[in-house]
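Chemist: Sequence plus the predicted model coming up.
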Amino acid sequence: MISKMWKMLISSFGCESRPLIIRYYCHEHLRVSIIDGNSEKECRSRALESVKFGYVVGSCNGLILLSRTGMDLYDVDNCSNKHVVLNPISKNRGVTIINGPSGGGTLCGFFFHPKAKECRIISVRQSNNNHFEYHLYLFGEMRWRRTKKLYFSDRPDIRQRSMNFETRIDDHPAIANDALHWYISIVGETMVFDMVTEDFSTKPGPVVVDKGGCHLQHLSVKDNQLCFCYVGREDQSMEIWILEDYTNWSWIRKYVVDLNWDLNKYPSGDNIMSADFFSGVRVICIKKNELVLFWKHRGMFSYRLDKNTVKRIRLRESDMDWPMRDYDWLCGFQAYHQFQSINERESKWEIVSIVD
């Protein structure tokens with residue numbers, strides 16, 4: 001029955017080739033919609049009204065994880081924060097409310113465990129020995145526990161909001177080879193968390209960043225391989241590197257995407273300074289030969305890597321559009337990760353739909 005319901009939901013969105021995209025916006029409370037490139041459907045759930053100043057952490061096996069802004073690695077009161085898990089496109093939206101780990105922490109990933117066949121959440125906090133302590137939320141047991149390796153010297157990147165110096169950790173790891181990967185920009189390395197062994201490690205990045213900095217460094221996944229998107233400070237193009245050999249950690253530069261698009265055909269907002277023009281580029285997802293980008297004040301686009309062509313993805317005009325200066329804070333886009341397989345999801349569906 002579950003598989004039939006899911007197939008009906010997916011077919012209602014039309015094309016299955018392009019990943020569905022989550023669009024979120026928060027003004028007083030969180031609003032979430034799902035985009036397929038042809039239509040946009042807003043999630044109607046009372047649970048969203050309880051997420052004040054919130055955002056979408058990520059998605060896993062058809063579920064989305066929501067939290068509120070302003071989390072702090074050093075704040076032990078973070079344990080009182082409640083996180084929300086729900087299915088945004090099911091008519092029978094089961095809602096799970098999860099308290100933060102005892103002692104505090106901030107969420108930095110949402111993933112599906114290949115052995116336990118369940119979704120899990122990973123959280124990080126600063127420890128007393130200048131290392132970082134990680135905790136996992138197990139949906140099957142409905143509890144938090146420490147990772148097997150108690151401490152690690154690194155943590156995902158932290159971004160700072162210029163308006164009020166609020167910080168937020170990188171909670172969108174690239175997931176491949178049963179591991180979570182975060183790019184640590186300050187050292188140009190990739191932090192790796194193995195889901196099965198729960199070991200942490202670091203690996204070198206594929207690009208040496210120019211001394212003048214860059215417009216974009218983004219770690220993602222293309223067809224189950226890690227990929228790294230890079231736009232240098234002086235560049236008008238995006239390099240896409242693919243990790244061809246995971247065991248030997250061997251990268252190759254596979255694509256160069258020309259970003260010098262026709263301004264008459266694809267105009268941008270009048271308030272964009274030329275020096276920061278390319279800093280507004282965000283990678284949403286890459287699948288097969290399609291790269292989906294969002295360009296602040298310009299729109300969402302589909303770029304064909306095999307044909308070097310670009311096409312605008314039409315977005316519904318709404319009040320979700322106004323806070324573009326707070327993109328990544330009050331509003332944003334990300335890929336919606338659907339169920340991995342019928343067999344994997346059926347056994348754990350009840351666990352994440354127990355609270356209404």
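Modeler: That came through fine.

Chemist: now the residue nearest the centre of the chain, nearest residue through space, not along the chain?
Modeler: The centre of the chain sits closest to residue 172, judged by CA atoms, centre = their mean, with a distance of 3.5 Å. Counting by CB to CB, 6 or more residues apart in numbering, residue 172 lies nearest to residue 58, which is 6.0 Å off, once chain neighbours are set aside. (Glycine included, C-beta is placed from N, CA and C.)

Chemist: And the one you found, how far from residue 113?
Modeler: Residue 58 is 14 Å from residue 113, where distance means CB to CB, to the nearest Å.

Chemist: So for the two, which residue has more residues nearby?
Modeler: residue 58 (24 against 18; other CB atoms under 10 Å).

Chemist: give me every residue that touches the more buried one.
Modeler: 64, 65, 109, 110, 171, 172, 334, 337 (CB atoms under 8 Å, 6 or more residues apart in numbering).

Chemist: Save the residues you listed as JSON lines, and put in distance to residue 245, secondary structure and pLDDT too.
Modeler: Shown next, in JSON lines, are the contacts of residue 58 (distance: CB to CB, whole Å; DSSP: H, G, I helix; E, B strand; the rest coil; pLDDT from 0 to 100):
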{"residue": "64", "distance to residue 245": "33", "secondary structure": "strand", "pLDDT": "94"}
{"residue": "65", "distance to residue 245": "32", "secondary structure": "strand", "pLDDT": "95"}
{"residue": "109", "distance to residue 245": "24", "secondary structure": "strand", "pLDDT": "96"}
{"residue": "110", "distance to residue 245": "28", "secondary structure": "strand", "pLDDT": "97"}
{"residue": "171", "distance to residue 245": "28", "secondary structure": "coil", "pLDDT": "88"}
{"residue": "172", "distance to residue 245": "24", "secondary structure": "coil", "pLDDT": "91"}
{"residue": "334", "distance to residue 245": "28", "secondary structure": "strand", "pLDDT": "91"}
{"residue": "337", "distance to residue 245": "25", "secondary structure": "coil", "pLDDT": "88"}
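
Chemist: Would you map the helices across the stretch 251-356 of the chain?
Modeler: 342-346 (DSSP state H, counting those that start in this stretch).

Chemist: Where does pLDDT dip in it?
Modeler: 269-275, 318-329, 340-356 (pLDDT under 70).

Chemist: same thing but 90
Modeler: 262-280, 296-299, 314-332, 337-356 (pLDDT under 90).

Chemist: And the strands in it?
Modeler: Along the stretch 251-356 of the chain, counting by DSSP state E, counting those that start in this stretch, strands occupy 281-287, 290-295, 299-304, 309-313, 331-335.

Chemist: The residue nearest to the centre of the chain touches residue 334, doesn't it?
Modeler: Yes. Counting by CB atoms under 8 Å, residue 172 does reach residue 334; the two are 6.5 Å apart.

Chemist: the inter-axis angle of the one helix or strand residue 219 maps to versus strand 290-295?
Modeler: Residue 219 is located in strand 214-222, with elements delineated by DSSP states H and E. Interaxial angle, strand 214-222 versus strand 290-295 (axes from the mean of the first three to the mean of the last three CA atoms, to 10 degrees): 150 degrees.
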